[in-house]
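Colleague: Structure, please.
(2 chains)
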Amino acid sequence: MIVVRVQPGPLDPAAELAALGASGAVASFTGHVRADDGVRLLELEHYPGMTERALEELAAAAAERWPLSALRIVHRVGAMQPGEAIVFVGAASDHRAAALEATAYLIDRLKTDAPFWKRESRGGPDAASWVERRAADDEAATRWD
Amino acid sequence: MPVQILYFAWVRELVGVGMERIDLPGEIATIAELIGWLAARSEGHAAAMADPARLRAAIDQRFVSLDAPVAGAREIALFPPVTGG
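Modeller: Numbers count the residues shown, from 1 in each chain, chains lettered A, B, ... in the order given. Model prediction:
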């Protein structure tokens, strides 16, 4: 079962993991907001409509590539604080290689294939800045080409 | 033909609005040409469009390159490289 969700409210990784079921192999990745250089607030902007479509296509591509019994992509949008979960991806399969590889594929490709933009605030009126794309993210995504 | 133009992140902030409906002149063939044309609309547009190498685009909610044709587009979005995850 494929589940894709974009939500403004808190993300519960344990609940998402449990919802993947009890297949022979279940793998997941959770990303948390980092407090890099004194970041106090992270805001996530996205492109409503395109975001959901991009994540659904990503999920379908993973389900085509590996034999999965379940797959979940959950991404938060809006304002969040350091330590909060921002993204969860997970995959369930009969065997570990499929679950592990699909999970890595989902997070690597999500970073380049879905329209999200991060803005960090460090306190003070002029201290908010848009996060720049990292070349390492492009390299991680292209290894699945 | 009227086209909905969407802006996100710092492109939206510099332009000053998130969306505008525009009648595209027929001579604009590609996203790159659209970027050049939009730059003349206001100081904010000019600032947002100043360096096309920093911009990415989508037509009808699919990523496209800056040399993609705009003919038939209903919705065109301009934004910085994505930074989700």
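Colleague: Could you list the low-confidence segments of chain A?
Modeller: Residues of chain A meeting the criterion pLDDT under 70: A:125-126.
Colleague: let's see it at 80
Modeller: For chain A, the stretches with pLDDT under 80 are A:37, A:123-127.
Colleague: do chain B as well
Modeller: When residues are selected by pLDDT under 80, those of chain B lie in B:1.
Colleague: What residues does it have near chain A?
Modeller: Contact residues (C-beta under 8 Å from any C-beta of the partner chain) of chain B with chain A: B:6, B:8-10, B:58, B:61-63, B:77, B:79-85. Yep, even glycine has a C-beta here, placed from its N, CA and C like the rest.
Colleague: closest to residue A:5 among these?
Modeller: residue B:84 (13.9 Å; C-beta to C-beta).
Colleague: right, and the secondary structure at residue A:52 would be what?
Modeller: Here residue A:52 is helix, with the state taken from DSSP: H, G, I helix; E, B strand; the rest coil.
Colleague: which among the residues of chain B next to chain A gets closest to chain A?
Modeller: Nearest to chain A out of the residues of chain B next to chain A is residue B:84 (C-beta to the nearest C-beta; 2.7 Å).
Colleague: now the nearest residue to that closest one once chain neighbours are set aside, which residues is it bridged with?
Modeller: Among residues not flanking residue B:84 along the chain, residue A:116 sits closest, at 2.7 Å (C-beta to C-beta, 6 or more residues apart in numbering or on different chains). Beta bridges link residue A:116 to residue A:46, judged by DSSP bridges.
Colleague: so residue A:116 touches residue B:83, yeah?
Modeller: Yes: shown here, residue A:116 and residue B:83 form a contact pair, counting by C-beta atoms under 8 Å, at 6.6 Å.
Colleague: if you count what's nearby, which of the two comes out ahead?
Modeller: Neighbour comparison, residue A:116 and residue B:83: the larger count goes to residue A:116, with 26 against 21 (by other C-beta atoms under 10 Å in any protein chain shown).
Colleague: Please tell me how far the more buried one sits from residue B:30.
Modeller: Counting by C-beta to C-beta, to the nearest Å, the separation of residue A:116 from residue B:30 is 26 Å.
Colleague: What parts of chain A come near chain B?
Modeller: Looking at chain B, the residues of chain A close enough under C-beta under 8 Å from any C-beta are A:31, A:44-47, A:49-50, A:53, A:75, A:86-87, A:107, A:110-119, A:130-133, A:137.
Colleague: what's the burial count for residue 28?
Modeller: If you meant another chain, say so; for now it's chain A. 19.
Colleague: meant chain B actually
Modeller: Using other C-beta under 10 Å, the number of residues around residue B:28 comes to 19.
Colleague: How about the one 3 residues further on?
Modeller: Here the number of neighbours of residue B:31 (other C-beta under 10 Å) works out to 24.
Colleague: Please state the backbone phi and psi of the closest residue to residue B:59 other than its chain neighbours?
Modeller: Leaving out its chain neighbours, the residue that sits closest to residue B:59 by C-beta to C-beta, 6+ apart is residue B:73, at 4.7 Å. Note on residue B:73: its backbone torsions stand at phi -70, psi 140 [degrees, to the nearest 10].
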